[in-house]
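from the sequence below, what's the structure:
(chains A and B)
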Number of protein chains: 2
Amino acid sequence: MTGKRKPRGPYRKGIERREQILDTALEVFSQHGDRGSSLQEIADRVGLTQAGVLHYFGSREELLLAILKRRDKLDSQVGEDVRSPGEAVTRTVRHNMEQSGLVKLFVALSAAAATDPVHHAHGYFADRYRELTGQIVRGLEQGQHSGQVRKDVQADHMARLLLAVSDGLQLQWLMDPSVDMVALVETFNQMCLAWAGPAEAEPAR
Amino acid sequence: MTGKRKPRGPYRKGIERREQILDTALEVFSQHGDRGSSLQEIADRVGLTQAGVLHYFGSREELLLAILKRRDKLDSQVGEDVRSPGEAVTRTVRHNMEQSGLVKLFVALSAAAATDPVHHAHGYFADRYRELTGQIVRGLEQGQHSGQVRKDVQADHMARLLLAVSDGLQLQWLMDPSVDMVALVETFNQMCLAWAGPAEAEPAR
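Numbering: from 1, shown residues only, chains lettered A, B, ... in the order given. From the prediction side, this is the model:
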């Protein structure tokens, strides 16, 4: 890898200002998602006009995408010290249950990108699934090697299924908030474990 | 249940005409999903104006919802002779891979309904998940009783996870058509099976 020089002067200030606006946008969206008044609320909080905010992103759509990218980055930092991919996803899902607005934003934007190959966020989501799948596969293969994760199922299948579970449960939870996404992801993680032996084959329910 | 009298005369004819339009709409949407020209194409095929078509449904949104309801009905008929809930979902997913337009319609409408509690289709999807979960739970509990399905995981958790897998994989497949939804659902079904004994614990990959 080639070394990156730190940006200086006005350019650096622009990047910092953009980051600050993104943090504010993340807060505004985390509770309510994309409302008609969201952009004005962000503008008010950072002391800019709506056009001033959008100047840093190009368009409203790019701002929404930047919010999701920012969340991904924060989630991946939170997940750095976990022991398994399943644990990382469980943490993210637990966090998501406190931020229904961001879940709504993800559901809306991923659906729009999936159903339209020329959508501005299509490439981002396609890359995201490919990269996350790769990361999870590496973690699961380590678990298979150490004997914790079952070996009769391919790691790349379990990885794709874990991501599908996480996305699919968001829909069910938004339709019915009594759906316990964390407990369900933990159950899926349990199903990925190596069989522990006859004594634990059929515990009482 | 009280007996239903068969509708007669003009009312019956209206119902038949609506069904005929729905069949045509299902065909038109199955390949391309919701395009700007879809309504005109349906109208042309059934010999009506666009307004004439909408007369039978109330609005464009209600037509879209009616198409998904129709598909659910057809899917449930196809699934009547299957041996397990997993097999039913596998069949539906295999069928879906030939009808990307309907998958897109489902993804778009379910996301819109999930992110907006007052969306006209919110109640339909909430009911759908509740009813499908109940059906799958009954099938899985039979499997647990007969020893085919693992008993160390609650049937209602496996049911919710199976639906989540099915929804979540649609997103991944639309982003990347090389994702094999059928193989992945079959892997999930395998993970729901009771452990078959040491001889099959770790087959060669």
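
please count neighbours and contacts with C-alpha atoms only from this point.
Will do.

output the contacting helices and strands for the strand or helix carrying residue A:94.
Counting by DSSP states H and E, the element that carries residue A:94 is helix A:85-96. Counting contacts by 3 or more Cα pairs under 8 Å, 6 or more residues apart in numbering or on different chains; DSSP states H and E, helix A:85-96 packs against helix A:122-146, helix A:155-175, helix A:181-191.

near chain B at all, the helix or strand just after that helix?
Once the chain leaves helix A:85-96, the next helix or strand it forms, by DSSP H and E, is helix A:100-114. Yes: Helix A:100-114 comes into contact with chain B (Cα under 8 Å from any Cα of the partner chain), by way of A:104, A:107-108, A:110-114.

would you list those residues in JSON lines and tack on pLDDT and neighbour count?
Converted to JSON lines, these look like this (pLDDT from 0 to 100; neighbours: other Cα atoms under 10 Å in any protein chain shown):
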{"residue": "A:104", "pLDDT": "94", "neighbour count": "26"}
{"residue": "A:107", "pLDDT": "96", "neighbour count": "24"}
{"residue": "A:108", "pLDDT": "94", "neighbour count": "22"}
{"residue": "A:110", "pLDDT": "96", "neighbour count": "26"}
{"residue": "A:111", "pLDDT": "96", "neighbour count": "25"}
{"residue": "A:112", "pLDDT": "95", "neighbour count": "20"}
{"residue": "A:113", "pLDDT": "95", "neighbour count": "23"}
{"residue": "A:114", "pLDDT": "95", "neighbour count": "25"}
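
tabulate these (TSV), appending distance to residue B:44.
What follows is the residues of helix A:100-114 next to chain B, written out as TSV (distance: Cα to Cα, whole Å):
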residue	distance to residue B:44
A:104	37
A:107	34
A:108	32
A:110	33
A:111	29
A:112	28
A:113	30
A:114	29
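
could you check the pLDDT of the most centrally placed residue in chain A?
Residue closest to the average C-alpha location in chain A (Cα atoms, centre = their mean): residue A:72, at 4.7 Å. Predicted confidence (pLDDT) for residue A:72: 89.

try residue A:2
For residue A:2, pLDDT reads 51.

pull the number of nearby residues for the closest residue to residue A:18 other than its chain neighbours.
Computed as Cα to Cα, 6 or more residues apart in numbering or on different chains, the closest residue to residue A:18 that is not its neighbour in sequence is residue A:56, at 6.0 Å. When neighbours are counted by other Cα atoms under 10 Å in any protein chain shown, residue A:56 registers 17.

okay, now the unreliable bits of chain A?
For chain A, applying pLDDT under 70 flags the ranges A:1-7, A:78-81, A:197-205.

80 - rerun?
Scanning chain A for pLDDT under 80 picks out A:1-10, A:31-35, A:77-83, A:196-205.

for residue A:98, see how far away residue A:56 is.
Computed as Cα to Cα, to the nearest Å, the residue A:56 to residue A:98 distance reads 28 Å.

also residue A:171?
15 Å.

those two: which has the busier surroundings?
Taking neighbours as other Cα under 10 Å, residue A:171 and residue A:98 compare with residue A:171 leading, 26 against 12.

you'd agree the more buried one is up against residue B:109?
No: judged on Cα atoms under 8 Å, residue A:171 makes no contact with residue B:109 at a distance of 11.3 Å.

neighbouring contacts of stretch A:24-35?
Residues external to stretch A:24-35 that are found in contact with it (Cα atoms under 8 Å, 6 or more residues apart in numbering or on different chains): A:38, A:41-42, A:45-46, A:67, A:71, A:99-105.

now do the buried residues in that stretch.
By neighbour count on 16 or more other Cα atoms under 10 Å in any protein chain shown, the buried set for stretch A:24-35 is A:24-30, A:32-34.

now do stretch A:88-96
Neighbour-count burial for stretch A:88-96 flags A:88-94, A:96 (criterion: 16+ other Cα under 10 Å).

skipping its backbone neighbours, what lies nearest residue A:102 in space?
residue A:30 (4.8 Å).

helices - which of the buried residues of stretch A:24-35 land there?
Counting by DSSP state H, the part of these found in helices is A:24-30, A:32.

that older thread, out of the contacts of stretch A:24-35, flag the one nearest to chain B.
Closest to chain B out of the contacts of stretch A:24-35 is residue A:104 (5.3 Å), distances taken as Cα to the nearest Cα.

Three-state assignment for residue A:153, please.
At residue A:153 the chain is in coil, as set by DSSP: H, G, I helix; E, B strand; the rest coil.

separation between it and chain B?
As judged by Cα to the nearest Cα, to the nearest Å, residue A:153 and chain B stand 7 Å apart.

contact partners for that residue?
Taking Cα under 8 Å, 6+ apart, we find residue A:153 in contact with B:187, B:191.

now it: how far from residue A:22?
Look at residue A:153 and residue A:22: by Cα to Cα, they are 40 Å apart.

how about residue A:171?
From residue A:171 to residue A:22 the distance is 25 Å (Cα to Cα).

and what of residue A:134?
For residue A:134 relative to residue A:22 (Cα to Cα), the value is 27 Å.

burial check on residue A:83, number of neighbours?
Counted with other Cα under 10 Å, the neighbours of residue A:83 add up to 11.

and it, that's in a helix?
No: the assignment for residue A:83 by three-state DSSP gives coil, which leaves it out of any helix.

let me see the backbone angles for it.
Main-chain torsions, residue A:83, degrees, to the nearest 10: phi -90, psi -20.

ok, now residue A:116?
Torsion angles at residue A:116 (phi, psi; degrees, to the nearest 10) stand at phi -140, psi 100.

which residue lies closest in space to it, excluding its sequence neighbours?
Closest residue to residue A:116 apart from its sequence neighbours, by Cα to Cα, 6+ apart: residue A:122 at 7.4 Å.
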